[in-house]
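In: Below is the sequence, then the predicted model.
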Amino acid sequence: MIDMDLYFWVFASMSVLAGLFTIAAKDALPSAMGLLTVFIALASLYLHLHAPLIAIFQVAIYAGAILILVVFVIMLLMTPGERMGVIQANASYRGLGVLLGLCLIGLIAVGTKGVSDIVSMKALPQGFGNPSIFGDLFFSDFLLHFEVVSVLLLVALIGGIYLCKKRL
Amino acid sequence: MDDWLVAIIKVVGIWVWVLLIAVVMTWVERRGAGLIQDRPGPNRAGPWGLFQPLADGIKLFTKEEIIPTKAQKFLYIIGPALFSLPAFSAYAVVPFGDKIILGGKEIILQVSDVNIGFLYILAIGSMAVYGVILGGWGSTNKYSILGGLRSTAQMVSYEVALGLALLAVVFVYGTFSLRDMSLAQQGTFLGFLPNWGIFKQPLGFILFIVAAYAEANRVPFDLPEAESEIVSGYHTEYGSMRLGLYLFGEYVNLVTISGVIVALYFGSWHLPYIDLGAYLGPISWGIVSFCIFFLKVSFFLWLFVWVRWTLPRFRYDQVMGLGWRGLIPLALFNIFITALFIQLTV
């Protein structure tokens, strides 16, 4: 068994509890705040793994941009005190939720193939987690992945504009 | 043990110092308003009304706390705390001087010189909006919700411009650390200009300061609390020290933003053309660099007041239009030009 420390336990349990709160909350905005807590707990875990850049991106992008957009939509479409009971009771949503959950568990199962790499401890390479090393990797070893992702984002952007504009 | 002691002194010292400036700022704001509008401003409490912030503090703390019956209590209470917490912790990566040598030990005048420097400020800054959202939503008041809604849209829009403007600065200095950027601004640029960020990034500076004003909800971008339209926006239902935290957090944000502007664009603790560090002893240079830094910061704090009482408020669609159609294309253009220059010169 891997030796896990207190820091991990505190933030891991925090993220799991906040995640449970996110899906169980009856109000939309507190639920979003639960998700915020999950993001921050995960960022703390990244910090613990000597990856400060990922941690900052987690907070700045997920909590600072994506979740704010989610909250924006909640504030536009709902009123305070409005319950999500109707949405939560919808059978097709529940069925889809189960399906997506199973898919996620399947993904995690595939991912655990990499556990053997984690179990054996390795010394971190020099300058691990440093932003400049990060950038170097992006433009050398992972150039193709980087470009594919940027094309994907561009496609999403064009799609978004297409959906919004009535007349192109 | 010694390191711990130094770290704690730095954290507590700069925290108290930033709060102190914010307290004085509440006085400067109103005296400045008086000056600009040709009236005295608060001048009753103490010499030149200097004890006015103290009187306000006593008033806010002793006032009866009222929670609206329809409010969602938990969100209503947690809102101001969530707003002021990021404000109080954002200064951690901003330098406040060069370094000081005490007892043979070199102490840099910065709480934490992390290599992800202002990414931290961006991340922390984006957290502040949750305080506004929760306050607005928790109040269950239509004006509060409108204020919160405006705040979210505005923050998301201007954060893009802010981040892009900062990216160009990273191109120039090749680092995320604010201390390394400050150190790189010594000497002269092109032989006659001080080697300050503003001369290398003039457009970037304008973009940054406009976006920063919008992020701090300052006039002319204080749409979330536009009194003439939505009463007082997200803090309409707030009173006593909870309101105080919102107002005070804003001033703390101003100090942090001014510190970042000085560190990135105005040569941090360097004076133009003269390197005082070469003439002064290690201790006195530490103190002098601190003073130089905060003299520059106080200019930008005054600029905030100056702008507030000079410019009228934008209309909301103008704010959004400026953010998306004005600042973001300009910021992208700035990045392109900067990258081209670096490619051609290095």
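Out: Alright, I've got the coordinates.

In: And the strands in chain B?
Out: Assignment of strands within chain B using DSSP state E yields the ranges B:99-102, B:105-108, B:188-189, B:193-194.

In: Now distance to chain A too, for the ones you listed, in JSON lines please.
Out: All C-beta spots, glycine's among them, are computed from the backbone N, C-alpha and C. As requested, these are arranged in JSON lines below (distance: least, Cβ to the nearest Cβ, whole Å):
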{"stretch": "strand B:99-102", "distance to chain A": "22"}
{"stretch": "strand B:105-108", "distance to chain A": "19"}
{"stretch": "strand B:188-189", "distance to chain A": "24"}
{"stretch": "strand B:193-194", "distance to chain A": "27"}
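
In: can you list those strands in CSV and add distance to B:Ile335, mean pLDDT and mean neighbour count?
Out: Putting these into CSV (distance: least, Cβ to Cβ, whole Å; pLDDT from 0 to 100; neighbours: other Cβ atoms under 10 Å in any protein chain shown) gives the following:
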stretch, distance to B:Ile335, mean pLDDT, mean neighbour count
strand B:99-102, 32, 73, 15
strand B:105-108, 30, 72, 14
strand B:188-189, 20, 72, 13
strand B:193-194, 22, 74, 16
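
In: so which of the ones you listed gets nearest A:Tyr93?
Out: strand B:105-108 (54.0 Å; Cβ to Cβ).

In: got a list of contacts for that closest one?
Out: For strand B:105-108, the external contacting residues (Cβ atoms under 8 Å, 6 or more residues apart in numbering or on different chains) are B:Asp2, B:Val6, B:Lys10, B:Pro95, B:Asp98, B:Lys99, B:Ile100, B:Ile101, B:Arg179, B:Gly286.

In: okay, A:Ser44: pLDDT?
Out: The score at A:Ser44 is 88. That number is its pLDDT.

In: Run through who's touching stretch A:82-91.
Out: Outside stretch A:82-91, the residues within contact range by Cβ under 8 Å, 6+ apart are A:Ala25, A:Lys26, A:Asp27, A:Ala28, A:Ser31, A:Tyr93, A:Arg94.

In: Same question for stretch A:139-146.
Out: When contacts are defined by Cβ under 8 Å, 6+ apart, stretch A:139-146 is touched by residues A:Phe138.

In: First-to-last residue distance for it?
Out: Distance between the two ends of stretch A:139-146: 8 Å, counting by Cα to Cα, to the nearest Å.

In: how far is it from where the chain is centred?
Out: Centre-to-centre, stretch A:139-146 and its host chain are 22 Å apart (Cα atoms, centre = their mean, to the nearest Å).

In: Now that stretch: average pLDDT?
Out: The average pLDDT for stretch A:139-146 rounds to 86.

In: now stretch B:202-218
Out: Per-residue pLDDT over stretch B:202-218 has a mean of 86.

In: and the residue of chain B found nearest chain A, what pLDDT?
Out: When distances are taken as Cβ to the nearest Cβ, chain B approaches chain A most closely through B:Ser126, which lies 2.9 Å from it. We have a pLDDT of 80 for B:Ser126.

In: what's the neighbour count on B:Ser177?
Out: 19 (other Cβ atoms under 10 Å in any protein chain shown).

In: Surely it is in contact with B:Ser112?
Out: No: judged on Cβ atoms under 8 Å, B:Ser177 makes no contact with B:Ser112 at a distance of 10.1 Å.

In: right, and the helix or strand after the helix or strand bottoming out on mean pLDDT in chain A?
Out: In chain A, no helix or strand scores lower on mean pLDDT, DSSP states H and E than helix A:115-119, which sits at a mean of 65. Next helix or strand after helix A:115-119 toward the C-terminus (DSSP states H and E): helix A:131-138.

In: Show me which positions of that next one end up buried.
Out: For helix A:131-138, burial by neighbour count (16 or more other Cβ atoms under 10 Å in any protein chain shown) applies to A:Pro131, A:Phe134.

In: can you give me how far it is from the chain middle?
Out: 21 Å.

In: So what angle separates the directions of whatever helix or strand comes next after it and helix A:131-138?
Out: Going down the chain from helix A:131-138, the next helix or strand is helix A:143-164, by DSSP H and E. Angle, helix A:143-164 to helix A:131-138, by axes from the mean of the first three to the mean of the last three Cα atoms, to 10 degrees: 90 degrees.

In: How about B:Tyr64: what's its closest non-neighbour residue?
Out: One thing to correct before we go on: residue B:64 is Glu, not Tyr. Setting aside the residues directly before and after it, B:Glu64 is nearest to B:Ser240 in space (Cβ to Cβ, 6 or more residues apart in numbering or on different chains), at 6.8 Å.

In: Next, residue 139: phi, psi?
Out: No chain was given, so I picked chain A. Torsion angles at A:Phe139 (phi, psi; degrees, to the nearest 10) stand at phi -100, psi 10.

In: wrong one, chain B
Out: Here the main-chain torsion angles of B:Ser139 (degrees, to the nearest 10) amount to phi -70, psi -20.

In: Determine the number of other residues adjacent to it.
Out: Summarising burial for B:Ser139: neighbours were counted as other Cβ under 10 Å, giving 27.

In: check contacts around it.
Out: B:Pro68, B:Ala71, B:Tyr76, B:Ile145, B:Tyr234, B:Thr236, B:Glu237, B:Tyr238.

In: Was I right to think the third one contacts B:Asn141?
Out: No: with contact defined as Cβ under 8 Å, B:Tyr76 does not count as touching B:Asn141 (10.3 Å).

In: Quick one: low-confidence residue ranges for the stretch 51-200 of chain B.
Out: Applying pLDDT under 70 to the predicted model, the residue ranges of the stretch 51-200 of chain B that meet it are B:103-104, B:191.

In: Great, nothing more from me.
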